[in-house]
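In: Got a sequence here, can you model it:
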Amino acid sequence: MNVQTKPLAAMPQSLKGKVSLVTGSTSGIGLGIARALAQAGSAVVLNGFGSADDIARAQSGIETDFGIRADYSAADMSKAEAISDMVMETLRDHGRLDIVVNNAGIQHVAPIDQFPPEKWEAILAINLSSAFHTTRAVLPAMRAHKYGRIINIASAHGLVASPFKSAYVAAKHGIVGLTKTIALETAEDGITCNAICPGYVYTPLVEAQIEGQAKAHGISRDKVIKDVLLAQQPNKRFATVEELGALTVFLASEAAQSITGIALPVDGGWTAH
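Out: Purely as a prediction, here's the structure:
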């Protein structure tokens, strides 16, 4: 089974004049979403870890490909003060912040009785608390403009569980609950809040998992994809970062102004079981 991705059709400039902040966006899903927002006309602020060269390439790629300003914040998403400073700096530089995509996340896999407490705390901080701190910091500005889109990248694991992922599952379930609460509190303010719940998405990290599993178990990469990674996904294909980007653009657009408080699976039928 070959994994193939292809660019989606060009999206109209539905977000022209808007400013977007995407956490955890120097690679993978976050960078794909940032590029989609830029293609739709929004200035973007990237955030995340990585080498200075990789981050510079991500910024210049967006600016060259879409003619859109791309800034970068090195804010540590486990630190509430750093998150607040990032939001305030974005508001100072751009005068507004219309779209926030809470995407930052980490993972650790272990049985509960062997799960390191420090890993639990780190996953809850970055995967859940960071979304609270970012939203808390940006809401006053969004309310002042009577417009805002908060999009939380949850997971199929925000809707169902798997063994050995206690912290990740707890955090992603928490993101879904936080999404609903934010939606209710902002329903009359021109602000929407929704969660996207992907299953497996094809990224360089997933490609490394495919190769690692194949070598570790002495099986083909096709078998790893179909019978290990995508065992729970009936359609037996990875979602792409381009698909998640296009969905994010739609949820950020005027066409989605009546959609709020939902947790939308993008999981090939995983949670239909």
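In: Strands along this structure, start to end?
Out: 19-22, 43-47, 70-73, 99-102, 148-153, 191-198, 201-202, 239-240, 263-266 (DSSP state E).
In: and the fifth one, which strands flank it?
Out: The reference is to strand 148-153. Sheet partners assigned to strand 148-153 using DSSP bridges are listed as strand 99-102 (parallel), strand 191-198 (parallel).
In: Reformat the strands of the chain as CSV; add mean neighbour count, distance to residue 33 and mean pLDDT.
Out: In short, each C-beta sits where N, CA and C put it, glycine included. Output for the strands of the chain, formatted as CSV (neighbours: other C-beta atoms under 10 Å; distance: least, C-beta to C-beta, whole Å; pLDDT from 0 to 100):
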stretch, mean neighbour count, distance to residue 33, mean pLDDT
strand 19-22, 28, 6, 98
strand 43-47, 27, 9, 98
strand 70-73, 19, 13, 98
strand 99-102, 29, 6, 98
strand 148-153, 26, 8, 98
strand 191-198, 25, 9, 98
strand 201-202, 21, 11, 96
strand 239-240, 20, 12, 96
strand 263-266, 18, 12, 98
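In: Distance to residue 182 added to these, as JSON lines?
Out: As requested, the strands of the chain are arranged in JSON lines below (distance: least, C-beta to C-beta, whole Å):
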{"stretch": "strand 19-22", "distance to residue 182": "15"}
{"stretch": "strand 43-47", "distance to residue 182": "19"}
{"stretch": "strand 70-73", "distance to residue 182": "22"}
{"stretch": "strand 99-102", "distance to residue 182": "10"}
{"stretch": "strand 148-153", "distance to residue 182": "6"}
{"stretch": "strand 191-198", "distance to residue 182": "4"}
{"stretch": "strand 201-202", "distance to residue 182": "24"}
{"stretch": "strand 239-240", "distance to residue 182": "24"}
{"stretch": "strand 263-266", "distance to residue 182": "12"}
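In: Next, format the strands paired with strand 148-153 as JSON lines and append distance to residue 222.
Out: Converted to JSON lines, the strands paired with strand 148-153 look like this (distance: least, C-beta to C-beta, whole Å):
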{"stretch": "strand 99-102", "distance to residue 222": "33"}
{"stretch": "strand 191-198", "distance to residue 222": "22"}
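In: Residue 130 is nearest to which of these?
Out: Between residue 130 and those, the tightest spacing by C-beta to C-beta is seen for strand 99-102, at 6.7 Å.
In: Tell me how far residue 181 lies from residue 135.
Out: Per C-beta to C-beta, to the nearest Å, residue 181 is found 10 Å from residue 135.
In: The two: which is more packed in?
Out: residue 135 (25 against 13; other C-beta atoms under 10 Å).
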